[in-house]
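A.B. asks: only geometry, no sequence info:
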């Protein structure tokens with residue numbers, strides 16, 4: 001069902017639109033890089049209920065990834081929008097299963113040639129009540145042209161556009177760009193890496209605090225407050241500010257399923273490259289190490305990388321790093337736990353039914369993995385999980401989502417029990433809620449009543465959401481402490497604090513962790529959290545990308561080039577060192593992501609090294625300076641770097 005010609009076009013920032021035919025638009029955004037909005041509101045609501053997929057073809061030839069946003073709004077104001085990343089020069093079919101508007105998945109399955117597909121907005125919208133539909137693009141750093149065609153609603157999954165082209169070369173580099181530092185051949189690759197390995201034989205000392213100040217030691221990392229600053233304290237009793245990098249590993253696999261038409265010839269059948277292949281992926285990072293170092297590639301990578309980290313003054317190996325490398329290195333490291341406890345029924349996305357007895361049982365099993373690190377003095381601490389998907393909602397109301405479920409969860413039973421104890425009689429509940437329920441049992445039926453907004457946003461729902469989140473934290477944390485009393489529990493690395501409820505139970509952590517993709521750490525928020533919880537804070541992720549090299553996406557915070565990227569890093573880290581409640585920052589990540597995307601389609605230029613293991617020298621120079629300054633900034637003997645970075649529009653999804 002093609003419908004574009006029937007509908008109204010609303011434009012922003014003087015966008016120019018030319019009709020190509022009944023179902024195609026050629027769009028040129030204005031020179032200031034403003035966004036574009038196409039209003040499809042006149043679509044029949046019945047069309048959404050009668051079809052399964054929302055589909056369009058997109059093509060552009062810009063330098064960077066184009067983000068197409070499909071936004072669906074209810075009359076009430078609730079909305080869900082889906083962000084699709086579109087590679088330059090590749091005719092791409094975007095396909096949205098309309099069932100995804102139930103909000104249960106944060107990241108959607110990738111279709112051929114599509115990059116990351118991520119859902120934002122409210123927890124759920126109902127197809128029956130959709131009032132407005134838009135196709136949008138965010139602002140860009142420059143003017144761009146792109147075409148949208150064949151906008152359709154379909155009952156069956158479409159055949160996606162696929163055109164054969166060698167988008168990347170045999171080393172995994174982008175064929176549609178040239179940049180300073182690009183490797184021209186496998187021979188040059190081998191020569192560069194062998195030279196880097198030989199130069200690394202001038203061994204480096206680890207970068208720790210070098211001074212006379214000492215704290216009491218208990219043999220493991222711990223925290224302390226000196227009256228001015230919170231500190232990590234090393235097993236030897238030295239003050240320690242954790243400067244880490246995540247994903248220190250040789251691999252950064254590229255998902256090739258669905259991207260086969262964009263690949264060069266792969267070394268299929270060549271036994272030398274067996275370790276570069278996975279079920280649906282090929283790893284050009286590993287393939288390039290094999291080309292340079294042969295069978296001994298992993299040992300030589302570990303030696304080279306360990307010396308580089310010390311040369312760049314990192315003192316912590318961050319999350320998701322290679323186990324063999326951790327064993328090889330002498331640097332302290334953090335431990336990321338796996339398989340956070342679940343239950344068969346979820347309340348929303350990955351939030352488990354925390355009153356289910358199985359949650360307690362699974363938490364005990366979850367904690368056992370700490371047995372392997374319990375006596376390791378190099379462990380700074382452990383994170384229980386990273387960025388729970390349920391916490392991405394700005395207007396979080398787990399109790400509303402729970403009460404609207406058809407299934408009777410253990411959480412719902414506990415909520416009804418709480419209400420029965422509080423109100424005793426159903427009449428008192430009806431009076432408080434302005435409802436006409438006949439019994440507390442009515443609350444088990446999600447279809448028999450509709451609660452007023454004042455109730456959904458009211459005291460009972462807010463209170464019980466905190467009860468649920470506290471159990472979510474407290475049960476696995478208690479199990480972890482029983483298995484490993486030696487190490488710091490460093491929390492669950494929230495993406496951001498979308499609700500005050502997220503802090504419930506977090507005072508039980510030893511360290512509160514948050515990922516912070518901003519110009520600099522939010523000093524006010526960190527100070528507030530630290531004082532409220534009476535524990536220090538660590539930043540588990542941040543990054544900056546540069547637009548002057550081989551990848552077409554530059555992450556959540558982006559700069560024009562590697563020198564500006566280095567200054568942005570220095571500003572962030574030195575400002576972080578000046579925040580009393582903060583005890584460390586960990587950068588995401590060691591390697592660049594692959595041009596055609598990792599498993600979920602992210603393809604950011606955010607690494608310390610590129611696909612050929614070449615460091616970004618301008619970036620690394622500023623990065624190293626910031627690390628050398630950290631302890632003086634922390635001691636207030638040096639002011640933090642204060643030149644505000646120059647950022648460009650992000651290309652994150």
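C.D. replies: Thanks, I have it. Since we're looking at a predicted model, the values are computed, not measured. Residues are numbered from 1 along each chain as shown.

A.B. asks: distance-wise, check residue 46 relative to residue 423.
C.D. replies: Remark: distance between residue 46 and residue 423 (CB to CB, to the nearest Å) = 42 Å. C-beta coordinates here come from the backbone N, C-alpha and C atoms, glycine included.

A.B. asks: so between these two, which is more surrounded?
C.D. replies: Using other CB atoms under 10 Å as the criterion, residue 46 and residue 423 rank with residue 423 on top: 17 against 10.

A.B. asks: please, which helix or strand holds the closest residue to the more buried one other than its chain neighbours?
C.D. replies: Nearest non-adjacent residue to residue 423, counting by CB to CB, 6 or more residues apart in numbering: residue 429, 4.2 Å away. If you go by DSSP states H and E, residue 429 is part of helix 426-433.

A.B. asks: kindly report the same for residue 402.
C.D. replies: Counting by DSSP H and E, residue 402 is found in helix 398-403.

A.B. asks: tell me the mean pLDDT over the next helix or strand after that helix?
C.D. replies: Per DSSP H and E, the first helix or strand lying C-terminal to helix 398-403 is helix 410-423. Confidence for helix 410-423, expressed as mean pLDDT, is 97.

A.B. asks: got a list of contacts for helix 410-423?
C.D. replies: Residues from elsewhere that reach helix 410-423 (CB atoms under 8 Å, 6 or more residues apart in numbering): 347, 353-357, 399, 402-403, 405, 429, 432, 440-441, 443-444, 460, 464, 467-468.

A.B. asks: same question for stretch 523-534.
C.D. replies: With CB under 8 Å, 6+ apart, stretch 523-534 has contacts from 230, 497, 503, 506-507, 509, 512, 514, 536-537, 575, 578-582.

A.B. asks: and if you look at stretch 325-338?
C.D. replies: Everything outside stretch 325-338 that qualifies as a contact, by CB under 8 Å, 6+ apart, is 206, 221, 234, 240, 242, 244, 248-250, 302-303, 305-306, 309-310, 314-321, 366, 369-370, 373, 378-386, 480, 487, 490, 586.

A.B. asks: what's the neighbour count on residue 157?
C.D. replies: 12.

A.B. asks: out of the contacts of stretch 325-338, which are inside strands?
C.D. replies: 240, 242, 244, 316-317, 379-383, 586 (DSSP state E).

A.B. asks: returning to that earlier point: show me what the helix holding residue 402 is packed up against.
C.D. replies: strand 346-348, helix 410-423, helix 459-483 (3 or more CB pairs under 8 Å, 6 or more residues apart in numbering; DSSP states H and E).

A.B. asks: deepest-packed of the ones you listed, please.
C.D. replies: For these, the largest average neighbour count (mean count of other CB atoms under 10 Å) is found in strand 346-348, namely a mean of 20.

A.B. asks: the next helix or strand after it pairs with which strands?
C.D. replies: The helix or strand immediately downstream of strand 346-348 is strand 351-352, counting by DSSP H and E. If you go by DSSP bridges, strand 351-352 pairs up with strand 346-348 (antiparallel).

A.B. asks: how about a markdown table for the helices and strands packed on helix 398-403, with distance to residue 567 added?
C.D. replies: Putting the helices and strands packed on helix 398-403 into a markdown table (distance: least, CB to CB, whole Å) gives the following:
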| stretch | distance to residue 567 |
| --- | --- |
| strand 346-348 | 41 |
| helix 410-423 | 48 |
| helix 459-483 | 38 |
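
A.B. asks: nearest to residue 267, of these?
C.D. replies: strand 346-348 (41.7 Å; CB to CB).

A.B. asks: now the closest one: mean pLDDT?
C.D. replies: Mean pLDDT, strand 346-348: 97.

A.B. asks: in the stretch 551-653 of the chain, where is pLDDT below threshold?
C.D. replies: Along the stretch 551-653 of the chain, no part satisfies pLDDT under 70.

A.B. asks: what sits up against stretch 461-468?
C.D. replies: 347, 351, 354, 396-400, 402, 411, 414-415, 418, 455, 501, 504.

A.B. asks: okay, strands next: where are they in the stretch 501-650 of the chain?
C.D. replies: For the stretch 501-650 of the chain, applying DSSP state E, counting those that start in this stretch gives strands covering 512-515, 537-541, 545-546, 558-559, 582-587.

A.B. asks: distance to residue 521 and mean neighbour count for those - can I get that in TSV?
C.D. replies: Formatted as TSV, the strands of the stretch 501-650 of the chain follow (distance: least, CB to CB, whole Å; neighbours: other CB atoms under 10 Å):
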stretch	distance to residue 521	mean neighbour count
strand 512-515	9	23
strand 537-541	6	27
strand 545-546	18	26
strand 558-559	18	25
strand 582-587	6	26
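
A.B. asks: quick one: which of those strands is nearest residue 568?
C.D. replies: Comparing the strands of the stretch 501-650 of the chain by CB to CB, strand 558-559 comes nearest, at 5.5 Å.

A.B. asks: ok, back up a step: report the buried residues of the helix holding residue 429.
C.D. replies: 426, 429, 432-433 (16 or more other CB atoms under 10 Å).

A.B. asks: contacts for the following helix or strand past it next, please.
C.D. replies: On the C-terminal side of helix 426-433, the closest following helix or strand by DSSP H and E is helix 453-456. Residues outside helix 453-456 that contact it (CB under 8 Å, 6+ apart) are 397, 400, 433-435, 461.

A.B. asks: same deal with stretch 385-401?
C.D. replies: Contacts of stretch 385-401 (CB under 8 Å, 6+ apart): 105-106, 120, 122-124, 319, 336-337, 340, 347-351, 415, 456-457, 460-461, 464-465, 468-469, 492-495, 498-499, 501-502, 515, 540.

A.B. asks: go again using 7 Å as the cut-off
C.D. replies: 106, 122-123, 319, 336-337, 340, 347-351, 415, 456, 461, 464-465, 468, 492-495, 498-499, 501-502, 515 (CB atoms under 7 Å, 6 or more residues apart in numbering).

A.B. asks: not counting its neighbours along the chain, what's nearest residue 649?
C.D. replies: Closest to residue 649 by CB to CB, 6+ apart is residue 141, at 4.6 Å.

A.B. asks: tell me the contacts of residue 572?
C.D. replies: 520, 542.

A.B. asks: ok, it to residue 356 distance?
C.D. replies: 41 Å.

A.B. asks: could I have the buried ones of the contacts of stretch 385-401 as ChimeraX selection syntax?
C.D. replies: Buried residues among the contacts of stretch 385-401 (16+ other CB under 10 Å), as a ChimeraX selection:
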select :106,122,123,319,336,337,340,347,348,349,350,351,415,456,461,464,465,468,492,493,494,495,499,501,502,515
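
A.B. asks: tally of neighbours for residue 314?
C.D. replies: 25.

A.B. asks: cool, and residue 127?
C.D. replies: Other residues within reach of residue 127, judged by other CB under 10 Å, total 18.

A.B. asks: what's near enough to touch the nearest residue to it once chain neighbours are set aside?
C.D. replies: Leaving aside its sequence neighbours, residue 127 sits nearest to residue 48 (CB to CB, 6+ apart; 4.6 Å). Going by CB under 7 Å, 6+ apart, residue 48 touches 98, 127, 130.

A.B. asks: phi, psi of residue 48?
C.D. replies: Main-chain torsions, residue 48, degrees, to the nearest 10: phi -70, psi -30.

A.B. asks: what segments of the stretch 101-250 of the chain are strands?
C.D. replies: Per DSSP E, counting those that start in this stretch, the stretch 101-250 of the chain carries strands over the ranges 114-121, 130-137, 145-154, 222-225, 230-233, 239-240, 242-245.

A.B. asks: of all these, which one comes closest to residue 70?
C.D. replies: strand 130-137 (5.9 Å).

A.B. asks: quick one: buried residues of that closest one?
C.D. replies: 130, 133-137.

A.B. asks: what sits up against stretch 276-293?
C.D. replies: By CB under 7 Å, 6+ apart, stretch 276-293 touches 171-172, 186, 189-190, 193-194, 250-257, 266, 272-273, 275, 297, 300-301, 591, 594, 611-613.

A.B. asks: kindly report the same for stretch 561-570.
C.D. replies: Stretch 561-570 is contacted by residues 544-548, 557, 559, 616, 618-619, 621-623, 625-626, 641, 643, 645-646 when judged by CB under 7 Å, 6+ apart.

A.B. asks: kind regards, and thank you for your time.
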